[in-house]
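Visitor: Sequence first, predicted model second:
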Amino acid sequence: MERVVITEGPEETIRLGEELAGRLAEGDVVALVGGLGSGKTTLVKGIALGLFVRQAVTSPSFLLARTYQGRIPLHHLDAYRVQHVDEFREAGLEEFLPPEEGITVVEWADRVAELIPPGSLWIHFTYLDGERRKLTIRR
(Lines give C-alpha, C1' and ligand atoms only; values in the text may rest on other atoms or scores of the structure.)
Protein backbone atom coordinates (compact mmCIF):
# COMPACT_ATOMS: atom_id res chain seq x y z
CA MET A 1 0.00 0.00 0.00
CA GLU A 2 1.30 3.45 -0.90
CA ARG A 3 -0.50 6.73 -0.47
CA VAL A 4 0.80 10.20 -1.26
CA VAL A 5 -0.69 13.19 0.54
CA ILE A 6 0.15 16.86 -0.01
CA THR A 7 -0.53 19.01 3.04
CA GLU A 8 -0.86 22.77 2.67
CA GLY A 9 0.15 23.57 6.25
CA PRO A 10 0.46 22.33 9.81
CA GLU A 11 -3.30 22.13 10.34
CA GLU A 12 -3.68 19.65 7.49
CA THR A 13 -0.74 17.61 8.78
CA ILE A 14 -2.38 17.47 12.21
CA ARG A 15 -5.70 16.38 10.66
CA LEU A 16 -3.89 13.63 8.74
CA GLY A 17 -2.34 12.45 12.02
CA GLU A 18 -5.78 12.35 13.63
CA GLU A 19 -7.07 10.28 10.71
CA LEU A 20 -4.14 7.87 10.97
CA ALA A 21 -4.72 7.47 14.73
CA GLY A 22 -8.14 6.03 13.99
CA ARG A 23 -6.50 3.28 11.95
CA LEU A 24 -3.72 2.41 14.38
CA ALA A 25 -3.96 -0.48 16.83
CA GLU A 26 -2.03 -1.79 19.83
CA GLY A 27 1.44 -2.87 18.79
CA ASP A 28 1.67 -0.68 15.68
CA VAL A 29 4.89 1.15 14.85
CA VAL A 30 4.95 4.29 12.71
CA ALA A 31 8.36 5.20 11.27
CA LEU A 32 8.83 8.85 10.24
CA VAL A 33 11.58 10.02 7.90
CA GLY A 34 12.28 13.59 6.80
CA GLY A 35 14.51 16.60 7.33
CA LEU A 36 14.41 19.16 10.11
CA GLY A 37 11.16 21.11 10.04
CA SER A 38 9.48 18.73 7.60
CA GLY A 39 6.45 18.12 9.84
CA LYS A 40 7.25 14.91 11.72
CA THR A 41 6.42 16.23 15.19
CA THR A 42 3.38 18.02 13.79
CA LEU A 43 2.03 14.70 12.52
CA VAL A 44 2.68 13.13 15.94
CA LYS A 45 0.63 15.94 17.51
CA GLY A 46 -2.26 14.90 15.25
CA ILE A 47 -1.85 11.23 16.14
CA ALA A 48 -1.90 12.21 19.80
CA LEU A 49 -5.13 14.18 19.31
CA GLY A 50 -6.68 11.19 17.58
CA LEU A 51 -5.68 8.99 20.55
CA PHE A 52 -7.20 11.52 22.99
CA VAL A 53 -3.86 12.47 24.55
CA ARG A 54 -4.33 15.57 26.69
CA GLN A 55 -0.67 16.43 27.24
CA ALA A 56 1.18 18.80 24.91
CA VAL A 57 3.32 16.83 22.47
CA THR A 58 6.88 18.05 21.95
CA SER A 59 9.87 16.61 20.15
CA PRO A 60 11.75 14.13 22.36
CA SER A 61 15.11 14.94 20.70
CA PHE A 62 16.97 15.48 23.97
CA LEU A 63 15.18 12.75 25.95
CA LEU A 64 14.98 10.22 23.09
CA ALA A 65 11.53 9.08 24.27
CA ARG A 66 8.25 10.28 25.76
CA THR A 67 5.13 8.29 26.55
CA TYR A 68 1.72 9.92 26.49
CA GLN A 69 -1.47 8.44 27.91
CA GLY A 70 -4.58 8.48 25.77
CA ARG A 71 -7.06 5.90 24.48
CA ILE A 72 -3.94 3.72 24.29
CA PRO A 73 -0.37 4.75 25.20
CA LEU A 74 1.58 6.68 22.58
CA HIS A 75 5.35 6.13 22.70
CA HIS A 76 7.14 8.93 20.86
CA LEU A 77 10.79 8.13 20.09
CA ASP A 78 13.39 10.27 18.37
CA ALA A 79 16.58 8.91 16.82
CA TYR A 80 17.94 12.30 15.67
CA ARG A 81 20.83 12.32 18.15
CA VAL A 82 21.60 8.62 17.77
CA GLN A 83 25.02 8.10 16.19
CA HIS A 84 24.75 4.32 16.04
CA VAL A 85 21.86 1.88 16.38
CA ASP A 86 23.52 0.40 19.49
CA GLU A 87 22.90 3.70 21.33
CA PHE A 88 19.19 3.21 20.72
CA ARG A 89 19.39 -0.34 22.07
CA GLU A 90 21.47 0.70 25.09
CA ALA A 91 18.88 3.34 25.96
CA GLY A 92 16.31 0.53 26.19
CA LEU A 93 14.22 1.89 23.33
CA GLU A 94 14.19 -1.34 21.35
CA GLU A 95 11.53 -2.60 23.80
CA PHE A 96 9.04 -0.24 22.12
CA LEU A 97 9.63 -1.85 18.69
CA PRO A 98 6.93 -3.09 18.73
CA PRO A 99 5.43 -1.97 22.04
CA GLU A 100 3.67 -4.39 24.36
CA GLU A 101 0.99 -1.74 24.93
CA GLY A 102 0.00 1.18 22.76
CA ILE A 103 1.65 2.39 19.59
CA THR A 104 5.14 3.70 18.88
CA VAL A 105 6.06 6.56 16.57
CA VAL A 106 9.75 6.95 15.72
CA GLU A 107 11.10 10.20 14.28
CA TRP A 108 14.29 9.87 12.19
CA ALA A 109 13.47 6.17 11.87
CA ASP A 110 15.90 5.76 8.97
CA ARG A 111 18.73 6.02 11.54
CA VAL A 112 17.49 2.85 13.27
CA ALA A 113 15.81 1.19 10.29
CA GLU A 114 17.17 -2.26 11.14
CA LEU A 115 15.16 -2.17 14.40
CA ILE A 116 11.84 -1.16 12.81
CA PRO A 117 9.62 -4.27 12.67
CA PRO A 118 8.33 -5.60 9.35
CA GLY A 119 4.82 -4.37 8.60
CA SER A 120 5.42 -0.98 10.20
CA LEU A 121 3.88 2.13 8.66
CA TRP A 122 6.59 4.28 7.03
CA ILE A 123 5.91 7.96 6.32
CA HIS A 124 8.45 9.96 4.30
CA PHE A 125 8.19 13.77 4.50
CA THR A 126 9.36 15.97 1.64
CA TYR A 127 9.45 19.75 1.89
CA LEU A 128 7.82 21.29 -1.19
CA ASP A 129 7.55 25.06 -0.68
CA GLY A 130 6.22 27.41 1.96
CA GLU A 131 4.24 25.21 4.34
CA ARG A 132 3.45 22.51 1.77
CA ARG A 133 4.72 19.00 2.44
CA LYS A 134 4.49 15.74 0.53
CA LEU A 135 3.93 12.72 2.75
CA THR A 136 4.48 9.30 1.20
CA ILE A 137 2.84 6.62 3.33
CA ARG A 138 3.78 2.94 2.91
CA ARG A 139 3.17 -0.24 4.83
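Guide: Ah, there it is.
Visitor: Near the closest residue to Arg132 other than its chain neighbours, how many other residues are there?
Guide: Distances taken as C-beta to C-beta, 6 or more residues apart in numbering place Glu8 nearest to Arg132, at 5.7 Å, with adjacent residues excluded. Yep, even glycine has a C-beta here, placed from its N, CA and C like the rest. The number of residues packed near Glu8 is 12, by other C-beta atoms under 10 Å.
Visitor: And Glu8, how far from Leu115?
Guide: 33 Å (C-beta to C-beta, to the nearest Å).
Visitor: Please list the outside residues in contact with the lowest-mean-pLDDT helix or strand in the chain.
Guide: Ranking every helix and strand in the chain by mean pLDDT, DSSP states H and E puts helix 85-90 at the bottom, with a mean of 90. The contact list for helix 85-90 (C-beta atoms under 8 Å, 6 or more residues apart in numbering) reads 64, 79, 82, 94, 111-112, 114-115.
Visitor: Specify which member of those is nearest to Leu32.
Guide: Using C-beta to C-beta, Ala79 comes nearest to Leu32 of the contacts of helix 85-90, at 9.8 Å.
Visitor: and stretch 67-74, how far apart are its ends?
Guide: One end of stretch 67-74 sits 6 Å from the other (C-alpha to C-alpha, to the nearest Å).
Visitor: element containing the most centrally placed residue in the chain, please.
Guide: Nearest residue to the geometric centre of the chain (C-alpha atoms, centre = their mean): Val105, 3.4 Å. Secondary structure from DSSP states H and E places Val105 in strand 103-107.
Visitor: Okay then, goodbye and thanks.
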